[in-house]
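> Provide a 3D model corresponding to the input given below.
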Amino acid sequence: MEFWPEDNQIQAKSSKKHGKGKSKTSPSGPAYLEAGRIQAVTLVENESRFEWTSPLHLSKSILSKSPKLTVGPIVEVFKPTRPPSLNMPATSLVQRVEQGANFLRTHFPEIEIAAELVRAELSADAQATHELDQYDPFAGNVLELLQVPDAVDGSHFLVFPMGEANCDLNISPFENLDQRLTFRPSARPVRSFATPIMQLALSKFSGLDNFLAARTFGSTVVLRISVDSGAPQLAIPESAVIFRDDIGLRPPLDIMFHSRHPDILLVNDEGAVYKCSLENNISQLAFSGIKNTDTGDKFWRLARAGSSEDGCLLSSSKNIQELDFRTADLALNLLSISTSERLTCVEHSGEDFLIRSASTERILWIDRRFPSRALLGVTHRRNHDRTLAVHTMTMMHDSQYCLVTSRKNNLVTVYDVSRSEDQLLHMNNMPYSFSLDMQEDRFSGDAFLGLGDQSAMFRITERGRVSCVNLTQTGIRDVLGGVHTSPMEVSASREKRREMAPLEAREFSETNMRPAYEQLFPSVNVINAQEEEDAEDVYDLLEELPAFWQKLDAPVEQVLTTYDILFRSGDAPKHRSRADFLSQSIFNSTRGYRIVSQGRFPVEEVRKGASWHSSIASVIGSLDETTVGDIRGITGRLHNFDLASSPSIPAPAMRRQDKDREQLALDLTLSKEIFSSTPFLQSSGSDDAEESGPSIRFRYLQPVPKRDYYSKEEQENSAFPLGVRLLLDEWDVGMDPEKYVFNETLGSDGETNMENKPHRGKKRENFRSPPSPLLQAQSLPAITALSSTQPTLLPPRVVGVESRVTQCEEIESQSLMTNTQVLSGPFGGRPAAAKKSSMVKKRMGGF
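Sure thing, here's the model as predicted:
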């Protein structure tokens, strides 16, 4: 008998409730223990008698009562090496948007970025930061205990990361001094990585060497830890390096060693499990995984399934499965959760087939022999926390204690649950908790070291502080006094570092770039084989090309060349480049060259479907004379760039040269015509008024005016100066700039000399004011000049008339046109005032 009785009847759906009295959904699965709730009972046989028993088995006798754990003093064994986290000021989103916009305006004034875009980016960043603070799926346990029996310094070592960025690996030993376990910290890292360490995992199989796996942001490095004869320190060579390319181009979330064989298992963020052998450094897909129901949840964890060599346990946030690598993509479902409850941890299963796991609501005990049903569940009454972890600790008299810890607080809860003789799980004591008085409350790893009737619990904080607390059972005297620590070596912590020059800081690294070059420059045989596979697709592309403009869902904003139309008509390439003209098309082949050279390319159909098209062959030809002519002429002129003939040049290189020459000629030919799906706007049929001047008519490209996005008032469109409008009014799209002649329109003798100048609108009639009588009198008929031997005489001067006529001419010339120039004289352009006649007083009289 393994299970406690439970009520499996389907309860009737109760009416919907609102407000505070709303019904709460119970956790899925079997009956669970909860304080103050009626528990299940059953009859068991005890010495030929039957007696009632329940999951909560509390003994009233002091002698038979299960002992509890007591907590000793907290000892700091390693100082923090990371700086404290920055306290970000509590600013609202509106303030952060304003600060970001001011920063962009100050440092990047030439870039106009809308405030809505800044707000969207900051909102997404705040949401991602909040989700990462609540739960980081890539964070694993970074504290491990290593046991090396033949080591000189001791048999136990503490492995943890250190440094300002958690990139340095530290392995410090324990020593037995006077029957006391003493921790001797070391400030020197045994190895440094390029990225922070996210998880550490140790091999648990019994062999000559131990393996340590360090999962970082960049890769997973497997180290072999061994002891050389006579060497005072451990030998830690590199055994294997696993990159993302080896696990499906996805980042790993959890790593684990097999129980017996030196194989490492990895699970990526899609739930695919990969098995990597350390003997031959070959990784292969062991289980493709089952997609998580919540696509945004990236929780995947691995655990050992006893001593099984061909399987493991895989846990998501809703399911626990047992995998068997001998069957393809088949898994035994051990537990499924259908409510909002999420799994947070799954512990390794031992020989007793028990699996201890934690969720956001309960602590579960599952037997691998009985799938789809848990043996026991206990509610922990904690807040929603996705960092809960379960640790099982075995002490004297086979007493097992289940400790539940969290990365976000110092609280540790103890559950005394074990299997009795009736094969039922009993809770021997009510759950109790204790808090570790530490300076920090954010942790990144836990480790336990058994000391016989005692146990030492190690915890490492996010800053790298390692602390230890001794756990003992009640009634047992603490003789050893827990774990002690020795002071760190001054020479190691204060080692003088000399300044390193740039050349001394170089690191040697070797990378094989052959696969990259083979992909960029494939051989002729590979190209020919690919062209044979794409032969039918090339002809299908030619059939679909005339209907390119009809299949467009939306007009294309930019002008397209013939190659762009070919590229957009076919399927999207596997390896997309930053620009279309850098991407390879199936038409770039020998068949494409022959189709164009033989005149079978349907360019006329493409022209008919386009709203506008033009040839830029003359422009390209003026830049390079090699591109003048048809495709055969271009190919002939490209022979000037061939390699010098030499018998040492291999035949494949010559064939590759001929093929590249044809492809270059094909690309140049397909770039000589441009097309547009949007027609150019025609000039307006009527001129603007002379008072406002002509307006600017934008055709293909439209300007984007600068606006103040923070102003709430309506903003008018920007007006262009009159000079700019007059200058642009002289130009029309399609005119030849070499035939343009500038005409001075201000003079009276100016004539229009511009060729192909379209006349817009009706001709304006020139209305002139009638000439004045004075001008009519002056406009005399033309007199034919005759040759004369006598000198020309001046006309006789009429006294009293010339002054009057001259004065009238001056007044009339001033009234015909407004004078904008300042005339000479003391009064500018104003007529001079008449002088007052001075009366000369004569003396009259005499003597």
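
> how is the chain partitioned into domains?
88-132, 135-490, 520-644+652-676 (automatic domain parsing).

> average model confidence for the second one?
Read that as domain 135-490. Domain 135-490 carries an average pLDDT of 86.

> chain center to that domain, what's the gap?
Mean C-alpha position of domain 135-490 versus that of the full chain (Cα atoms, centre = their mean, to the nearest Å) differs by 30 Å.

> buried deepest among the domains of the chain, which one?
Among these, the stretch with the highest mean neighbour count (mean count of other Cβ atoms under 10 Å) is domain 135-490, at a mean of 18. All C-beta atoms are positioned from the backbone trio N, CA, C, and that covers glycine.

> before we move on, back to that, Pro721: which of the domains of the chain is closest?
domain 88-132 (22.2 Å; Cβ to Cβ).

> so Asn470 bridges to which residues?
Here Asn470 sits in beta bridges with Ala456, going by DSSP bridges.

> now it: how far from Thr678?
80 Å (Cβ to Cβ, to the nearest Å).

> swap in Ala529?
Separation of Ala529 from Thr678 (Cβ to Cβ) stands at 41 Å.

> ok, Gln439 next?
Taking Cβ to Cβ, one finds Gln439 at 68 Å from Thr678.

> kindly report the same for Thr220.
Using Cβ to Cβ, Thr220 is found at 53 Å from Thr678.

> repeat for Arg184
With Cβ to Cβ as the criterion, Arg184 and Thr678 are 77 Å apart.

> again with Pro431
Taking Cβ to Cβ, one finds Pro431 at 73 Å from Thr678.

> go on, Pro721?
Distance of Pro721 to Thr678, given as Cβ to Cβ: 28 Å.

> got it, and Leu69?
Distance, Leu69 to Thr678, by Cβ to Cβ: 79 Å.

> then Glu536?
Glu536 is 34 Å from Thr678, where distance means Cβ to Cβ.

> what about the helices in the stretch 1-150 of the chain?
93-107, 115-134 (DSSP state H, counting those that start in this stretch).

> in a markdown table: the ones you listed, plus distance to Ala328.
Output for the helices of the stretch 1-150 of the chain, formatted as a markdown table (distance: least, Cβ to Cβ, whole Å):
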| stretch | distance to Ala328 |
| --- | --- |
| helix 93-107 | 50 |
| helix 115-134 | 35 |
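
> who's more crowded, Pro721 and Thr678?
Counted by other Cβ atoms under 10 Å, Pro721 and Thr678 do not tie: Thr678 has more neighbours, with 15 against 9.

> which pLDDT value belongs to the closest residue to the more buried one other than its chain neighbours?
Spatial nearest neighbour of Thr678, excluding adjacent residues (Cβ to Cβ, 6 or more residues apart in numbering): Pro555 at 5.1 Å. Pro555 carries a pLDDT value of 78.

> which element is Pro555 on?
Counting by DSSP states H and E, no helix or strand carries Pro555.

> how near is it to Asp228?
Taking Cβ to Cβ, one finds Pro555 at 74 Å from Asp228.

> which parts of the stretch 251-400 of the chain are helices?
According to DSSP H, counting those that start in this stretch, the stretch 251-400 of the chain contains no helices.
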